[in-house]
Every structure is written in C-alpha cells, then in structure tokens.
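K.L.:
Fold the following, please.
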Amino acid sequence: MARFLLLGTICFVLGSCATIKQNSFLKEHQILLSQSSLDEANPEQQFDDLSTSLVKMIDQSLDFADPRKGMKFIQSYSGDNKESINHILQNVESWTANMEPAQKLAWGIGLLRKPQVKELIALIPKFKRKYNQVSFLNKVFGRLSGSVIN
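P.N.:
Have a look, this model is predicted:
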C-alpha cells in the first residue's frame, strides 16, 4: 500500500513539474513575441524572432509523450501569441509589399539560408507525423509565402 502511495505521489509531482515547465516555455514565447511585435522598425528581425519561436515551440511540442498534451501546448501557444504573431505577420507583409520582385526573391532565398528556417523545414514532417495536422502552421506560412511570392 505504501508503494502505491509513493508511486502516486511521484507521478503527481512529475506531472506538476511538467506543467510548470510547459508554462515557463509558453511565457518565454509570449515575452519574445510581444517584445518583437513592438519593434516595428525591423520586420526582418521580427520574422527571425517568430521563426525562432516556432522552431522552439515545435521542438517542445514533440517532447510530449502524449499527443493530446502536445496539442494542448500548441493551442495554448497559438492562443497566447495570436495577437503578436498577427502583428508581426502584418509588419512583414507590409514590408515585403514595398519590395521590388527581385528584392522579394532575394529575401525569400535568404530565408532558406537562415538556420532557424532550415530547422523549421526539418521539424515540420516530424510535427505532421505526430499530430497529423498542421493547421496552425499552415496559417502562418500561408501568409508568409504570400508575402514572398506576391
């Protein structure tokens, strides 16, 4: 009986630690993205911050053994940062709208050289396999690809 009580206590403590860790990850993302969204003078840095945050979020979500908990983490990330992400995307869209087609192409090619974009491209198939959906990422990348292509 004492073993079951000890095992139950250990599971509860570990579960609490995971929740605390998850909340600290979400808070870090929120701080980075909200600070970045305020820096309207540098849309390229905003994009870098957004892609860095997305890479970390995907990586962190893949660490969850239970996909339901990972999806909850992704939904929390999306809900907590929706306003900041939209603001950053609007800034990047308006910045790229003023570019000549050759500048857009050069910027798009430059994106492919960035380490966080390479890592993001590598993580997406793993993310898709685990969660079998990428609707949140499709929204973000759909807007970005429109900015580069148009």
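K.L.:
what's the offset of stretch 68-75 from the middle of its chain?
P.N.:
12 Å (C-alpha atoms, centre = their mean, to the nearest Å).
K.L.:
Any figure for the gap between the residue most central in space within the chain and His87?
P.N.:
The centre of the chain sits closest to Leu54, judged by C-alpha atoms, centre = their mean, with a distance of 2.1 Å. Using C-beta to C-beta, to the nearest Å, Leu54 is found at 15 Å from His87. The C-beta positions use only the backbone N, C-alpha and C, and glycine is treated the same way.
K.L.:
What ranges does the chain have for its helices?
P.N.:
2-38, 43-62, 67-97, 101-113, 115-131, 135-149 (DSSP state H).
K.L.:
Under the pLDDT cut-off, which ranges of the chain? List them.
P.N.:
Applying pLDDT under 70 to the chain flags residues 1-18, 132-150.
K.L.:
from the helices of the chain, which stretch is densest packed?
P.N.:
Comparing these by mean neighbour count (mean count of other C-beta atoms under 10 Å), helix 43-62 comes out on top with a mean of 20.
K.L.:
can you give me how far it is from the chain middle?
P.N.:
Using C-alpha atoms, centre = their mean, the offset of helix 43-62 from its chain centre is 5 Å.
K.L.:
CA atoms only for that helix, dumped as PDB, please.
P.N.:
The C-alpha trace of helix 43-62 is given here as PDB (Å, rounded to 0.1, in the frame of the first residue of the first chain):
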ATOM      1  CA  PRO A  43      10.400  43.400 -39.800                       C
ATOM      2  CA  GLU A  44      13.300  41.100 -40.700                       C
ATOM      3  CA  GLN A  45      14.200  40.700 -37.100                       C
ATOM      4  CA  GLN A  46      10.600  40.200 -36.200                       C
ATOM      5  CA  PHE A  47      10.500  37.400 -38.700                       C
ATOM      6  CA  ASP A  48      13.600  35.900 -37.200                       C
ATOM      7  CA  ASP A  49      12.100  36.100 -33.700                       C
ATOM      8  CA  LEU A  50       8.900  34.500 -35.000                       C
ATOM      9  CA  SER A  51      10.700  31.600 -36.800                       C
ATOM     10  CA  THR A  52      12.900  31.000 -33.800                       C
ATOM     11  CA  SER A  53       9.900  30.900 -31.500                       C
ATOM     12  CA  LEU A  54       8.100  28.500 -33.900                       C
ATOM     13  CA  VAL A  55      11.100  26.200 -34.000                       C
ATOM     14  CA  LYS A  56      11.300  26.100 -30.200                       C
ATOM     15  CA  MET A  57       7.500  25.500 -29.900                       C
ATOM     16  CA  ILE A  58       7.500  22.700 -32.400                       C
ATOM     17  CA  ASP A  59      10.600  21.100 -30.700                       C
ATOM     18  CA  GLN A  60       9.000  21.400 -27.300                       C
ATOM     19  CA  SER A  61       5.700  20.000 -28.500                       C
ATOM     20  CA  LEU A  62       7.400  17.000 -29.900                       C
END
